[in-house]
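Chemist: Need coordinates for the following:
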Amino acid sequence: MLLGRERINDLLKAGLIENFSPESLGGAGYDLRLGRMYSIESDSHLGVRSRKTPEVKEIESDSYTLKPGEYVLVETAERLNMPGNLAARVLNRSTVFRCGCTLVNALVDPGYKGTLTFGLKNLSDKNFTVEVGAKIGQIVFEEVGGETSNYEGRYQGGKVV
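Modeler: Residues are numbered from 1 along each chain as shown. The predicted structure is shown next:
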């Protein structure tokens, strides 16, 4: 079950979201704002026993125009402090897909702490300009039933790659 506004507000008092913006809180989620953007600069590899994440370069601008087919990594302005009994999903805001773009993301695990990084892909044949601070995705929170464990992966703390 998705958590509603009242429950999210209670969790905010316990530090769920740092750099919180009151106008981003909705009825059953929170609109995440764009922080930094990164271009992928090298090849990468994901194997059974090894992986090589790509080198990235921060796009140092207050706005960026994605050309048709272009893909960048985006980082949230917010930092999360997920408790051990919650997971979260990041969804597209409808304006993003109406502009021909999509977010590419993963589940936010219990115990994760840090900014979120996900992909932004322009699927259209038109340019798409996005500004730092724009509401880019909606995060919804769900309770985890049963035994679980906290996230201890390589991206803990908000590491981009």
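Chemist: Please identify which helix or strand holds the residue lying closest to residue 120 once chain neighbours are set aside.
Modeler: Here the nearest residue to residue 120 in space, its sequence neighbours aside, is residue 74; by Cβ to Cβ, 6 or more residues apart in numbering that works out to 4.9 Å. (Glycine included, C-beta is placed from N, CA and C.) For residue 74, the host element (DSSP states H and E) is strand 71-81.
Chemist: Next SSE downstream of that strand?
Modeler: Past strand 71-81, the next helix or strand by DSSP H and E is strand 86-92.
Chemist: which of the residues in that following strand are buried?
Modeler: 86-90, 92 (16 or more other Cβ atoms under 10 Å).
Chemist: who's in contact with that strand?
Modeler: For strand 86-92, contacts defined as Cβ atoms under 8 Å, 6 or more residues apart in numbering pick out 3, 11, 29, 32, 80, 82, 102-103, 105, 107-110, 116, 118, 137-144.
Chemist: chain center to that strand, what's the gap?
Modeler: Computed by Cα atoms, centre = their mean, to the nearest Å, the chain-centroid distance of strand 86-92 equals 8 Å.
Chemist: which strands and helices sit next to the helix or strand following that strand?
Modeler: Per DSSP H and E, strand 86-92 leads on to helix 94-98 as the next helix or strand towards the C-terminus. Using 3 or more Cβ pairs under 8 Å, 6 or more residues apart in numbering; DSSP states H and E, the elements in contact with helix 94-98 are strand 135-143.
Chemist: Only the buried residues of the strand it packs on, if you could.
Modeler: 135-141.
Chemist: Same check on stretch 144-161?
Modeler: Going by 16+ other Cβ under 10 Å, stretch 144-161 has these buried residues: 151, 155, 158.
Chemist: wait, which of those is closest to residue 53?
Modeler: residue 155 (9.7 Å; Cβ to Cβ).
Chemist: Tell me how far the closest one lies from residue 82.
Modeler: Per Cβ to Cβ, to the nearest Å, residue 155 is found 13 Å from residue 82.
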